[in-house]
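>>> Quick one, fold the following:
(one chain, ligands or ions: 2)
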Amino acid sequence: MTHPQPHDLVGIGIGPANLSLAALAHTQPGLKAAWYEQRPAFHWHPGLLIEGATLQVPFLADLVTLADPTNPWSFLNYLRQHQRLYPFYFSERFHSPRAEYDHYCRWVSRQLPSLHFRHHIDAVRWNPEQALFDIDYTRLGPNGEAEAVGRSHARHLAIGIGTAPHIPEALRPLAERPVVPVVHSADYLDHREQLLEAGHITVVGSGQSGAEVFLDLLRRRPPGRERLHWITRTPAFAPMEYSKLGLEHFTPDYTRYFHALPEQRRDELVARQWQLHKAIDHETLAAIHDELYRHSIGGGWPDVVLTPGVSVRTAGRLGTTQVELHLDHAEQGERSRLVTEAVVMATGYRERPLDPLLAALDPVLRRDAAGRVVVDEEYRLVLDREVTGSVYVQNAERHTHGVGAPDLGLVAHRSATILNALTGQERYPLPERSAFTTFGLRRTGAGGAGPGAAGPSQGVRRVGV
Ligand SMILES: Cc1cc2nc3c(=O)[nH]c(=O)nc-3n(C[C@H](O)[C@H](O)[C@H](O)COP(=O)(O)OP(=O)(O)OC[C@H]3O[C@@H](n4cnc5c(N)ncnc54)[C@H](O)[C@@H]3O)c2cc1C
Ligand SMILES: NC(=O)c1ccc[n+]([C@@H]2O[C@H](COP(=O)([O-])OP(=O)(O)OC[C@H]3O[C@@H](n4cnc5c(N)ncnc54)[C@H](OP(=O)(O)O)[C@@H]3O)[C@@H](O)[C@H]2O)c1
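Ligands and ions are numbered 1, 2, ... in the order given. Sure, this is the predicted structure:
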């Protein structure tokens, strides 16, 4: 059977990564593409759009600008269309409110006809007779219920299914059958009022999410009657690296350098570089200190406990109104017990596993020593040669491309790299050099043969659109 209208590209998931790819693909002639998302509409981490919280990247890290500043889906054009360019210009803010980034992305998403919401992709398979991927989906109703099943066909795939909230083993019994409010930080705003009714609240985790939730709760509790605990396994309430040269770890140059390292070295680096991708930004740390200081005016210490270096070992219920957390302090080698009435688990996210989607491709997928998919420099999964289509991944490649994988500042560049590779044409010319730092003794990738050398433009491989 032949398929009447296969797509050149089907995207799975519509977060910022695939929305960027859709925006850059939209202006490309002759590319037939569709994107599928399980949720009813675009919404960017809605449970953490806390009033006043800002992006951690400058506004230029929108969906398109760092690959193509002339693209109609830029943040500046969004402002122009909303007649807000002058207010933005006078605000002199490089870091936009997170709620504004969400609104900007939704504006883009509403105008791209190739996006299909309420479609959960169940599985993909390679069809060797047609040289196409079969993509099985379930169309969802208004309440997320299955309405119909269907199948789409594509020469190539782009998987951008992002990350999901992570609940550590120790806290799972509380989260599964909560008797008091126990929520992941991803759902914070939906439960804020309920949390604030609790006599005592504990926030676990000190990444940016934990810091923002703690600050928000502190601001909403009266001085002297805060009754808040903030505990974290991280050895300190540590600042995020934000020096200008440090930020060059989020450039295509560093990504290319990292990709060329051996697997074991890459794994060691990601673990060592935690202050680049976990930790707390300076403004939030300062705001927390300011708020604590404000609560201490008049002489009393605020009723808060902030302790780093503590992990939650186990947790359990205590009657119907309390829970207890069993704590380990690694440096002191001591244990204790904390009784609380509400818990916010700001314990981070994990990449959504690709395996359920790609089960049928398992025999042709190349894996590294740790069993992870191998991703080439152009974000393509390495498959056996018999599969002539490509599967691109976005934000599933930290083990091969480094700490920049989830970073919004690399989203447009990665999308442009994928489109260039997919079409075999330099549709989006990309910079040969992007950092002052020379990573390694020889500049890798864009052809450089040593510090400062400029190489030939990046080769693009035609895979057939
Ligand atoms: C609260 C928060 C704030 C952040 N702020 C910043 C920041 O300021 N700067 C920065 O650089 N990074 C930031 N990040 C990191 C990163 O940029 C974001 O996580 C970003 O949303 C990643 O985009 P994504 O498209 O890869 O994935 P996601 O945004 O997670 O989107 C993936 C989408 O795929 C969908 N999906 C999953 N499976 C399927 C399926 N089978 N079928 C159909 N759809 C599916 C999901 O519903 C989801 O909508 C932040 C992360 C968090 C959690
Ligand atoms: N303003 C923004 O733009 C914004 C807002 C929120 C998030 N983000 C981004 O989103 C990403 C995720 O951030 P996140 O804060 O959600 O997660 P995160 O940075 O992964 O932090 C998770 C925290 O939970 C701790 N933890 C995990 N298990 C624990 C246990 N059993 N006991 C005690 N502590 C435990 C971790 O300790 P360990 O260090 O020991 O693992 C860490 O402190 C980051 O890249 C962040 O920058 C950005």
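
>>> In contact with the closest residue to ligand 2 within the stretch 151-300 of the chain, which residues?
The minimum distance from the stretch 151-300 of the chain to ligand 2, using C-beta to the nearest ligand atom, falls at Gly207 (2.2 Å). Yep, even glycine has a C-beta here, placed from its N, CA and C like the rest. Listed by C-beta atoms under 8 Å, 6 or more residues apart in numbering, the contact set of Gly207 reads Thr234, Lys278, Ala279, Ile280, Ala346, Gly348.

>>> Residues of the stretch 301-450 of the chain that sit close to ligand 1?
Proximity of the stretch 301-450 of the chain to ligand 1 is confined to Tyr349, Arg352, Gln394, Asn395, Pro406, Asp407, Leu408, Gly409 under the rule C-beta under 6 Å from any ligand atom.

>>> Can you flag which of these belong to helices?
Nothing among those maps onto helices, per DSSP state H.

>>> which of the residues you listed come close to ligand 2?
Among those, the residues that sit close to ligand 2 (C-beta under 6 Å from any ligand atom) are Tyr349.

>>> returning to what we had before: turn the contacts of Gly207 into TSV, columns for secondary structure and neighbour count.
Output for these, formatted as TSV (DSSP: H, G, I helix; E, B strand; the rest coil; neighbours: other C-beta atoms under 10 Å):
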residue	secondary structure	neighbour count
Thr234	coil	19
Lys278	coil	16
Ala279	coil	20
Ile280	strand	24
Ala346	coil	26
Gly348	coil	19
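
>>> Identify, from those, the entry nearest to Val310.
Val310 lies nearest to Thr234 out of the contacts of Gly207, by C-beta to C-beta, at 9.4 Å.

>>> phi, psi of the closest one?
Per-residue torsions, Thr234: phi -50, psi 140 (degrees, to the nearest 10).

>>> Then Gly199?
Dihedral pair for Gly199: phi -60, psi -40, per degrees, to the nearest 10.

>>> Now for it, how many residues are close by?
Neighbours of Gly199 under the rule other C-beta atoms under 10 Å: 11.

>>> was I right about it contacting Arg227?
Yes - if you go by C-beta atoms under 8 Å, Gly199 and Arg227 touch, sitting 6.0 Å apart.

>>> from the contacts of Gly207, which is closest to ligand 1?
Scanning those for proximity to ligand 1, where the rule is C-beta to the nearest ligand atom, the winner is Gly348, at 8.4 Å.

>>> Do you know the pLDDT at the nearest residue to that closest one once chain neighbours are set aside?
Spatial nearest neighbour of Gly348, excluding adjacent residues (C-beta to C-beta, 6 or more residues apart in numbering): His166 at 5.0 Å. With respect to pLDDT, His166 has a value of 98.

>>> can you pull the contacts of His166?
By C-beta under 8 Å, 6+ apart, the contact set of His166 is Thr347, Gly348, Tyr349, Arg350.

>>> State the pLDDT value of the second one.
In other words, Gly348. Looking at Gly348, its pLDDT stands at 98.

>>> Would you quantify the distance from Ala330 to Ser311?
Distance from Ala330 to Ser311, counting by C-beta to C-beta, to the nearest Å: 7 Å.

>>> got any residues that touch both of these two?
Common neighbours of Ala330 and Ser311 (C-beta under 8 Å, 6+ apart) are Arg233.
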